[in-house]
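Undergrad: sequence-free structure coming up:
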């Protein structure tokens, strides 16, 4: 504990950084022992508060939305059944747990503590002004090598449910777990020798903590983490300077080094020249004509509103938006107003990124286990850093803070991790040009303006930009952008010509002595569609080539849509096929249009990639939710996390594939749609030293939900309505 | 001829509208015979000139670009080897053809007349200030049932090449062809009786001309067109009011009705209520909260420049941009500047939409033949209507006119059919958040600003939005947006409950008595990649699952990129496979990076659909270019049009599939990449009566082309640089 305290003594802000399944930590003051044993967990909260005020200066105040200030957040009371736990509620849960009999001897580390959402029926029955359903907290803790899953009822002031080790695997790791693992590593004499042997000063050392996955019986019963290190000498982009071959395995509970691997001593540390990516005025010139300032401007302010801290309303949409330690950003109760009748109509009860699976493709001892499941191992919200105004989000964006819980059960605020903004990109909502004769001089076009809710998880090296984009035509586009750093691997080679004879490289050379290791990304979305109510069905509209009967038509073949209602979960495990296509509709069999078509939404894939790993490869067993692109399951409130409730070192005995295997009926039931968006990433030089954003998306699109095009009568743009702008102050 | 002239007499602007393989024409003054036999082809040009001046009022003048005025265009001289023929040059070609011996007896209809581009080597050798290579025109005409393909040398004043009927099929149809077909139809007494029997007044009649495709020997030797009619009573959106079952087959050369089919008299004409889509102030209210004005603003003006009428430069990009009767929009000589060295580097010699294939899925007599190939049958440029400022394109857009040729060989201008604009949508070019400790307080993000060149073809009912988007990181995103009207088919049913027992409906019911017929769209792009020079190779980087040797690693499998150079055209016929994926690289084998990686671009598919029709179905034979998503062929200047040079009623004996079957070597050669972007469209009620835009895209992305991320040192946004805006005049 001394080392940790010494860091506080030096006014060193402890700030743990979860990396693509890893935690960042830099030891600028190795070995300091003058510690008074302060309450480090309390320190964490205070540190963050302190940090928060520093960042506030960067936080623009939207013109027409009153953003919650820090004090407002601290004093907030819950206003909606789905609102996250408040500061007071979190403190109350901590107080209850402190007095909880099983924890009296040893208070556990709080791995996660968040709202235990009320049953859907209670939420749907609730109206503004009603009393909230009982407020409960879901708490997951690791204690003495066991996982405890509790529900705390705040009204009763009691733990009302307590399960121990319900599944294999451990909860999300805490900052403190990882911090301790690094401290343990740094204090290890063999480790210091290994580092010294590579010529790296401890003050230049930057280590990260990697989740180990699960690879058979050998690693069971211990919460372990693997530590990889870099040199940050000469660059802040230490990721580009790996010390190849050193891997330290640490037992997080016993706080001891289990094993140090020190291979590949002959591989030099890549120099990392020109890898610093920070903006420096008067930097060496770039051969590119400068781009004049361009901005989305709304002189009358944005058109959306955020009520009661979480209810976003815009154009014809309304939804509940909140941050979450694990999912990052949760959209709840998304409703679209019928443009003809004004009726608010349910589209989706809950939508969020349920898991993020990133298997690397390298069998080396330092690499084979890198098969991260970032949401369940580290948390997409926990790794969300404050957004950069004007760059991560445009002007007029509204920012929302995250309220999370530290390892000691105290609340802390991560400011500005979600932004909401309106988007106009010169796109067209609909248009048609007709002939200028006979009175039909029609030339009609409507601009497309959308609403975006964005959160960015900086999971160590990688940055994942999660966008939910709402269109007035009822479409929801779910996008993921990938940026940040490659995980590079050291190699002795500086040029591919050195290796063309044999296949020595484990991946593409992206710089001298550095290869980019091939990997995949899979983001699995939980999409609890409730089209006009909870009971929905799922249909595959199979597009089948139908041969024409001889002599019946000059055509030999046509495509026919063959609509089939999918009865069970088994049939709803779907792999996309370009040459055997279907549309996939979630619909309400009891709500029919004027014409008799059932009201529905379809999921429209965009570009995608599929996991090709062996189904019985340990990482793929754990990430079996990526075995199909689409699944539909029967709604069960406990089935939220595609990789299972406990993911860290899990074996795959919980999760989407397990639930779907129950093969429940899904016809005219409350159902959940799951979609996996994948990327294969073969790195190239352009990805070095920071990757230009790669983007993919899918759509949820109304299909016979509306009686007709709901934006037929939308307004065009007129010159007189558009802003009148002058140059910014630096150009005056 | 009388009827046609009578239309001129009534000051009725003749304006032929190409529809999804059809021409629109409305007969407001049926039966007028007082005609002086004016030069109708000359009239066309004058009419268009007149029309142009009316539209000029709508054309905003970009702040920092001097847009070409009409007079400038008329007086223009060619400044670049690829510049389209000028007004003077077109007139000169006409003069040469008028004196051309074979045409002395009977001057042919000019179906197409455009620049015969110089050989690539000449264009590449040319520098500004050099004399232009000899200017030549490519002319295609139909005369007495034969197709003549000529090359006219403007310097020599001679026809230097003349081929007759080089392939099956006819050239692109002319306005006059279609106009005459409608006049012939309207004058037919049996047709009038059929229309009268449906209760439609001739003054409410709106007919369109459909290309017939090719379906075997019966229709050979005649240039035919099929006429379908609608009632426009009560709506300008006549497409929603089909008169089902009447199809008139017209011989365009003999100007005679060959056949009138009049089936399905019992099918009512859909009422088409609430189908008018024109904006009306104070229209009945829509249940949607209004959206405040939002605009992309650039108070210092756009950053791009258009030099010499066609050379667009922006940030690190430069390219030649022109309109084309058939392709619509052609990008030539796209070069990106190396941000490190300043070197302008070749990426693509020529890129354009080469064909657009739209097969409908209905075997009825009035429907089976609807298998349009719009670029080669009607022309994407010929059907491009003037863009609607502020709605089709944002403020600060620069507009470019089309200069095309009428059937008599005279030039005419179609104004504002291309726009160019910068785009900022709140997207992120790259970003990374790092820990605020140890000096690494990195939180860096860069806004993504792009340049878009847009053209919209209104091919009758459908509107195709063609975007080429250039990013500063070297990526080119090629997008297609679909809007406009469905082709609906009349049905006796008003509700799907009437038909659930049997399978009577030929497609989804989208309104009472109207079904949306299922169809596909395929846009095949010609992408003549010249990565750092003309000689390139094509590699498939096959991602293969590699099983781990037992005992070698806890992992059972990894993905390995297996790079293989594709030697021949046959091997480069590629169907995309989600579960057997590859990357597809066009690269310069002789230009290597510092690290030895070859300089390349990869094509990155987004969402796509594939044609499933029988390969020997006549439409699929003609559209065999859609049998694969990717092809790579040896460069041959004559191989521009995926469906062949002559498409109208062609049999598929020319085109991409035929060229590729030659199986030429494509290693270290000048090669052309072809990509087909497809859509299956099962209509739904939301598509009625105008479709919200559906979008898909693919990317051309640098892969080891740059030494590293080329926008690493791009500027972030700063508040001081952004515009200062006030409300527009209507809000003051």
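TA: All right, it came through fine. Everything quoted here is computed from the prediction, not taken from an experiment.
Undergrad: any weak-confidence spans in the stretch 201-350 of chain A?
TA: Applying pLDDT under 70 to the stretch 201-350 of chain A flags no residue at all.
Undergrad: Tell me which stretches of it form strands.
TA: A:205-210, A:224-231, A:246-251, A:256-262, A:295-297, A:305-307, A:311-314, A:317-324, A:328-337, A:344-359 (DSSP state E, counting those that start in this stretch).
Undergrad: if we compare those, which one ends up closest to residue B:330?
TA: Checking the strands of the stretch 201-350 of chain A against residue B:330 by Cβ to Cβ gives strand A:295-297 as the closest, at 30.7 Å. Every residue, glycine included, has its C-beta placed from N, CA and C.
Undergrad: middle-most residue in chain A, spatially?
TA: In chain A, the centroid-proximal residue (Cα atoms, centre = their mean) is residue A:380; its distance is 4.4 Å.
Undergrad: Hmm, that residue is touching residue A:323, no?
TA: No - judged on Cβ atoms under 8 Å, residue A:380 makes no contact with residue A:323 at a distance of 9.6 Å.
Undergrad: Please enumerate the shared neighbours of those two.
TA: With contacts defined as Cβ atoms under 8 Å, 6 or more residues apart in numbering or on different chains, the residues adjacent to both residue A:380 and residue A:323 are A:329, A:455.
Undergrad: mind checking pLDDT for the most far-flung residue of chain A relative to its centre?
TA: Centroid-distance maximum for chain A: residue A:551 at 56.2 Å, with Cα atoms, centre = their mean. Looking at residue A:551, its pLDDT stands at 87.
Undergrad: Quick one: list the elements packing against whichever strand or helix holds residue A:525.
TA: Following DSSP states H and E, the helix or strand that holds residue A:525 is strand A:519-529. For strand A:519-529, the elements it packs on are strand A:344-359, strand A:476-484, strand A:669-681, judged by 3 or more Cβ pairs under 8 Å, 6 or more residues apart in numbering or on different chains; DSSP states H and E.
Undergrad: The last one: partners in the sheet, and parallel or antiparallel?
TA: Within its sheet, and counting by DSSP bridges, strand A:669-681 is paired with strand A:519-529 (antiparallel), strand A:535-547 (antiparallel), strand A:630-634 (antiparallel).
Undergrad: among those strands, which is the most enclosed?
TA: Most buried of the strands paired with strand A:669-681 by mean neighbour count (mean count of other Cβ atoms under 10 Å in any protein chain shown) is strand A:519-529; its value is a mean of 24.
Undergrad: And residue A:382, its phi and psi?
TA: With angles defined as degrees, to the nearest 10, residue A:382 sits at phi -60, psi -30.
Undergrad: distance of it from residue B:510?
TA: 47 Å (Cβ to Cβ, to the nearest Å).
Undergrad: ditto for residue A:272
TA: 59 Å.
Undergrad: The residue nearest to residue A:639 when sequence neighbours are not counted: which element?
TA: Take residue A:639 and drop its neighbours on the chain: the residue closest to it by Cβ to Cβ, 6 or more residues apart in numbering or on different chains is residue A:659, 5.1 Å away. Using DSSP H and E, the element containing residue A:659 is helix A:656-660.
Undergrad: quick one: the helices in the stretch 151-300 of chain A?
TA: A:175-186, A:189-197 (DSSP state H, counting those that start in this stretch).
Undergrad: and the ones you listed, which is most packed in?
TA: Compared across the helices of the stretch 151-300 of chain A, helix A:175-186 shows the largest average neighbour count, a mean of 23 (mean count of other Cβ under 10 Å).
Undergrad: Which strands or helices does that helix pack on?
TA: Where contact means 3+ Cβ pairs under 8 Å, 6+ apart, helix A:175-186 is packed against helix A:2-9, strand A:22-26, helix A:40-56, strand A:205-210, strand A:224-231, strand A:246-251, strand A:256-262.
Undergrad: to the chain's geometric centre, what's the distance from that helix?
TA: 24 Å (Cα atoms, centre = their mean, to the nearest Å).
Undergrad: how much does that helix deviate in direction from helix A:189-197?
TA: Put simply, helix A:175-186 runs at 70 degrees to helix A:189-197, going by axes from the mean of the first three to the mean of the last three Cα atoms, to 10 degrees.
Undergrad: which residues of the stretch 401-550 of chain A score low on pLDDT?
TA: Short version for the stretch 401-550 of chain A, where the test is pLDDT under 70: A:435-440, A:500-504.
Undergrad: Now for the closest residue to residue A:569 other than its chain neighbours: which residues touch it?
TA: In space, and not counting its chain neighbours, residue A:569 is closest to residue A:660: 4.6 Å by Cβ to Cβ, 6+ apart. Applying Cβ under 8 Å, 6+ apart to residue A:660 gives the contacts A:569-570, A:572-573, A:631, A:633.
Undergrad: these two touch, right, residue A:685 and residue B:707?
TA: Yes - Residue A:685 is within contact range of residue B:707, at 6.0 Å (criterion: Cβ under 8 Å).
Undergrad: Common neighbours of the two, please.
TA: Common neighbours of residue A:685 and residue B:707 are listed as B:593, B:595 (criterion: Cβ under 8 Å, 6+ apart).
Undergrad: who has more neighbours, these two?
TA: A count of neighbours by other Cβ atoms under 10 Å in any protein chain shown puts residue A:685 above the other of residue A:685 and residue B:707, at 24 against 20.
Undergrad: what's the spacing between residue A:354 and residue A:641?
TA: Relative to residue A:641, and taking Cβ to Cβ, residue A:354 is found at 6 Å.
Undergrad: higher neighbour count, these two?
TA: Legend: neighbour count by other Cβ under 10 Å for residue A:354 and residue A:641, higher for residue A:354 (27 against 23).
Undergrad: Do you know the pLDDT at that one?
TA: Here, the pLDDT recorded for residue A:354 equals 98.
Undergrad: For it, give me its contacts.
TA: A:327, A:375, A:524-526, A:625, A:640-643, A:674.
Undergrad: Look up how far residue A:644 lies from it.
TA: In terms of Cβ to Cβ, residue A:354 sits 10 Å off from residue A:644.
Undergrad: what does residue A:509 give?
TA: With Cβ to Cβ as the criterion, residue A:509 and residue A:644 are 38 Å apart.
Undergrad: Next: residue A:684.
TA: Separation of residue A:684 from residue A:644 (Cβ to Cβ) stands at 35 Å.
Undergrad: Please, where are all the helices along the stretch 501-650 of chain A?
TA: Assigned by DSSP H, counting those that start in this stretch, the helices in the stretch 501-650 of chain A fall at A:618-622.
Undergrad: So which residues of it form strands?
TA: Counting by DSSP E, counting those that start in this stretch, the strands of the stretch 501-650 of chain A are A:509-511, A:514-516, A:519-529, A:535-547, A:557-566, A:582-592, A:598-605, A:630-634.
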